[in-house]
Structure formats: C-alpha cells, structure tokens
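**Q** following is a predicted model, sequence given first.
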Amino acid sequence: MEKLSSLWSGDLALNDAFWTWAVTVGLLINFGTSILFLVLILQDRPLAAVIAGYAFSIPYNIVATVGVWRSAARYAGPPVHADLARIATVILMAALTLT
C-alpha cells in the first residue's frame, strides 16, 4: 500500500512509475479483470462481471495515470521524456479502461 501511496503522490522515479506501475502492473490488473469479467459473463452474472471488470481496474488506472503525471512533473531529465510518458500513460490507461 505504501508503494501505491508513493505512486499517487508522484514520489517514485518516472521510469519506475511508468514502466513498473503504469505498463507492467497496469497490464496485469486490466488483463486479470478482463478475464474475470468474461468468466462471470459466461456464468450469466452480468452485475458481478461489471463490478469485477471495472470496479478494480478503473481506480487503478486513475492512480497510475495521476502517479505518472506527478512523477513526470518532478523529472529532472529531458522534458520530452516526461511529456512522452504522460501521453503514453493517458493513451494506455484510456485504452485499457475502454476494453
């Protein structure tokens, strides 16, 4: 939980916030909730499917996006890297949320 708090506040290094939390963990969480969604739909449990599919992934996607955005604001390297991380995270999280 401490790492998620650090992510949310932008205290993580940009490369850790982006590659570890937005890309790797984001893909795992969204893939897992998508599988759970499909399993519950096949079991004819649509309400449980919607809750499982979106109640966990959307809050995580918001935390990851805000965390990368804040980490990018503190990034001391080339500004283009911070801008690309922000753009890529917004696109990735929006795509994962909509699928």
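**A** Here it is on my side, so go on. Numbers count the residues shown, from 1 in each chain.
**Q** CA atoms for contacts and neighbours, from now on please.
**A** Fine.
**Q** okay, Thr97: pLDDT?
**A** Per-residue confidence (pLDDT) for Thr97: 89.
**Q** could I get the phi/psi values of Ile58?
**A** For Ile58, the backbone dihedrals (degrees, to the nearest 10) come out as phi -60, psi -50.
**Q** in contact with the closest residue to Leu14 other than its chain neighbours, which residues are there?
**A** Setting aside the residues directly before and after it, Leu14 is nearest to Ser71 in space (C-alpha to C-alpha, 6 or more residues apart in numbering), at 5.1 Å. Ser71 makes contact with Leu7, Ser9, Gly10, Asp11, Leu12, Ala13, Leu14, Ala17 under the criterion C-alpha atoms under 8 Å, 6 or more residues apart in numbering.
**Q** if we use 10 Å, what do you get?
**A** For Ser71, the contact set (C-alpha atoms under 10 Å, 6 or more residues apart in numbering) comprises 6-18, 65, 82, 85-86.
**Q** need phi/psi at Gly10.
**A** phi 80, psi 20.
**Q** report pLDDT for the most far-flung residue of the chain relative to its centre.
**A** In the chain, the residue that sits farthest from the middle, by C-alpha atoms, centre = their mean, is Asp44; the gap is 27.8 Å. Confidence at Asp44, expressed as pLDDT, is 97.
**Q** cool, and the one 5 residues further on?
**A** Taken from the predicted model, the pLDDT recorded for Ala49 is 96.
**Q** next: the one 3 residues further on.
**A** Taken from the predicted model, the pLDDT recorded for Ala52 is 92.
**Q** now swap in the one 5 residues further on and tell me
**A** Residue-level confidence at Ser57 comes out at 95, pLDDT.
**Q** kindly report the same for Ala64.
**A** What the model reports as pLDDT for Ala64 is 97.
**Q** and the helix or strand containing it, which residues are buried?
**A** Element membership for Ala64 (DSSP states H and E) is helix 57-73. Going by neighbour count (16 or more other C-alpha atoms under 10 Å), the buried part of helix 57-73 is 57-58, 60-72.
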